[in-house]
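In: what's the 3D shape of this:
(chains A and B)
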Number of protein chains: 2
Amino acid sequence: MAVCEYCGIDGYYGREIVETEHWIVYLAPSQRYLATCVVALRRKCRDLSEVNNDEWVEFAVVVRVLESAVGELFRPDLFNWSCFKNSAFRSENPDPEVHWHFIPRYSRPVKFGGEVFRDPDFGHVPLPIEFRAPDAVMDELELVMRRAVGECWGDVLEED
Amino acid sequence: MAVCEYCGIDGYYGREIVETEHWIVYLAPSQRYLATCVVALRRKCRDLSEVNNDEWVEFAVVVRVLESAVGELFRPDLFNWSCFKNSAFRSENPDPEVHWHFIPRYSRPVKFGGEVFRDPDFGHVPLPIEFRAPDAVMDELELVMRRAVGECWGDVLEED
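Out: As a prediction, the model looks like this:
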C-alpha cells in the first residue's frame, strides 16, 4: 500500500478520535495544519459513487461536528475537505478506498501544547509535506479533540 | 474576488453543463485534467457545515452522474473531489462560497477533439496549474459532457 500524501504513514490513518455507524475519524499523523483529520468509510468503496445516501447523511453530521469542534478549539479561518486517493495509484495494484481529508486552515500561528503551529500555505492548496509533532503534543491533541468532538456531537444531532 | 486555483478565471466557474435544484455543474475553464468540473451550491454557504441534508443527498446524485458520465466518455483511473475555498482568503475581505472541484485523473494520455490531454501529476495531488484548451475543443467538450450527463441522469435516479 502506498503512503497517502496527507495521511503520512503506510496503511495507517492515525489515532482514532471517534467511530460512527459508517465512518471513523482519525487524527492524522502529519499535522502541518493543526487538527488535520482523516474520515474513513468503514466499508471498502473505491469511488464516492458507491457511497450510499445513509452514509452521505451521516458524513454530513461528521462534517458539522468536526468543523464545530475544531472551530471552537483553534478558530481556524476555513476548512479544506478532499477525497483524493491518488497515492493508491503509485502502487502496482491500486486498491483505493474512500477516505476524506479534513484540513483546517489558519491565517495566524496557533500555540498548542507548547508548540507553535503555522500554516505556511494559507490562501493556497494544502501541500502534502509531512510535519510530525512530538508524541506528548499528539497525546494532548488526541485528548482535546476527543473531548471537543464528544461535546459537539449532541449539539449537532439536536439541531439536525 | 480572488481567482480560484482550479476554476481558473476571476469570479467565473466555466460553462454550465447542468443545473439541479440545489447545485450547478460547470465545465472548468482550466482543463489540465480532462473533464474537470466545478459543482457549485446555488445558495451562499461559507462552510460545508451549512449544507443541509437535502443538498447533500442531491450532491450524492451529482457525484454518481458525473463519475458515471466521465467514466464512460474518457475512462479515467480515478476521480479527485475537493472543497477548498482557499483562494477567497487571498482577498482583503474573504467571501468564500461552497463549491466542489471534480478532477478526473488519468494514467495515460487521452485524445479528444484533436488534442492530447495528459495527466502529468497522476498518482499525486492535482496541481493548480492552468491549462486552456482551444475554444473549439471546449465547445465540443461542453457538448459531449452535456449529452453524457443527460444520459446518465435517468440511470442514476432509477438506481436510487
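
In: list phi and psi for the residue in chain A that chain B sits nearest to.
Out: With C-beta to the nearest C-beta, the shortest gap between chain A and chain B falls at A:S82, namely 3.7 Å. Yep, even glycine has a C-beta here, placed from its N, CA and C like the rest. Taking degrees, to the nearest 10, you get phi -150, psi 150 for the backbone angles of A:S82.

In: is the residue found closest to A:V25 once you drop the neighbours it is linked to in the chain in a helix, a strand, or coil?
Out: If the residues on either side of it in the chain are set aside, A:V25 comes closest to A:I17, at 4.5 Å by C-beta to C-beta, 6 or more residues apart in numbering or on different chains. Judged by DSSP: H, G, I helix; E, B strand; the rest coil, the three-state class of A:I17 is strand.

In: how close does A:I17 get to A:H124?
Out: Look at A:I17 and A:H124: by C-beta to C-beta, to the nearest Å, they are 27 Å apart.

In: could you do A:F84 as well?
Out: According to C-beta to C-beta, A:F84 stands 16 Å off from A:H124.

In: what residues are bridge-paired with the residue nearest the centre of chain A?
Out: By C-alpha atoms, centre = their mean, the mean C-alpha position of chain A lies nearest to A:C37, the distance being 1.6 Å. Beta-bridge pairing of A:C37 under DSSP bridges involves A:L27, A:F102.

In: of A:F84 and A:H124, give the one with the bigger neighbour count.
Out: Set A:F84 next to A:H124 and count neighbours by other C-beta atoms under 10 Å in any protein chain shown: A:F84 wins out with 24 against 16.

In: burial count for the closest residue to the more buried one other than its chain neighbours?
Out: Leaving aside its chain neighbours, A:F84 sits nearest to B:N80 (4.8 Å; criterion: C-beta to C-beta, 6+ apart). Neighbour count of B:N80, defined by other C-beta under 10 Å: 20.

In: tell me the gap between the stretch of helix or strand B:N80 belongs to and the middle of its chain.
Out: Using DSSP states H and E, B:N80 maps to strand B:78-83. Taking C-alpha atoms, centre = their mean, to the nearest Å, one finds strand B:78-83 lying 9 Å from the centre of the chain it belongs to.

In: what does stretch A:110-121 give?
Out: Centre-to-centre, stretch A:110-121 and its host chain are 17 Å apart (C-alpha atoms, centre = their mean).

In: can you check stretch A:132-151 too?
Out: 13 Å.

In: what does stretch A:96-112 give?
Out: Relative to the centre of its chain, stretch A:96-112 is centred 6 Å away, using C-alpha atoms, centre = their mean.

In: if we can go back for a sec, how much space between the residue of chain A closest to chain B and B:P29?
Out: For A:S82, the distance to B:P29 - C-beta to C-beta - is 20 Å.

In: still on that earlier bit, contacts for the strand holding B:N80, please.
Out: The contact list for strand B:78-83 (C-beta atoms under 8 Å, 6 or more residues apart in numbering or on different chains) reads A:46-48, A:80-86, A:88-89, A:94, A:96, B:6, B:33, B:48, B:63, B:66-67, B:70, B:98-105, B:125-126.

In: narrow these to those in helices?
Out: Judged by DSSP state H, the subset of those located in helices is B:V63, B:L66, B:E67, B:V70.

In: quick one: contacts for the residue nearest to A:L34 when sequence neighbours are not counted?
Out: Excluding the flanking residues, the one nearest A:L34 by C-beta to C-beta, 6+ apart is A:F117, at 4.0 Å. Neighbouring residues of A:F117 by C-beta under 8 Å, 6+ apart: A:Q31, A:Y33, A:L34, A:Y106, A:P109, A:V110, A:K111, A:A133.

In: restricted to strands, list the residues you listed.
Out: Residues from the contacts of A:F117 lying in strands, with DSSP state E as the criterion: A:V110, A:K111.

In: and the contacts of A:F117, which are buried?
Out: Among those, the ones that count as buried by 16 or more other C-beta atoms under 10 Å in any protein chain shown are A:Q31, A:Y33, A:L34, A:Y106, A:V110, A:A133.

In: ok, the closest residue to the second one other than its chain neighbours - contacts?
Out: Okay, so that is A:Y33. Leaving aside its chain neighbours, A:Y33 sits nearest to A:I103 (4.9 Å; criterion: C-beta to C-beta, 6+ apart). Going by C-beta under 8 Å, 6+ apart, A:I103 touches A:Y6, A:Y33, A:T36, A:F79, A:N80, A:W81, A:S82, A:P126.
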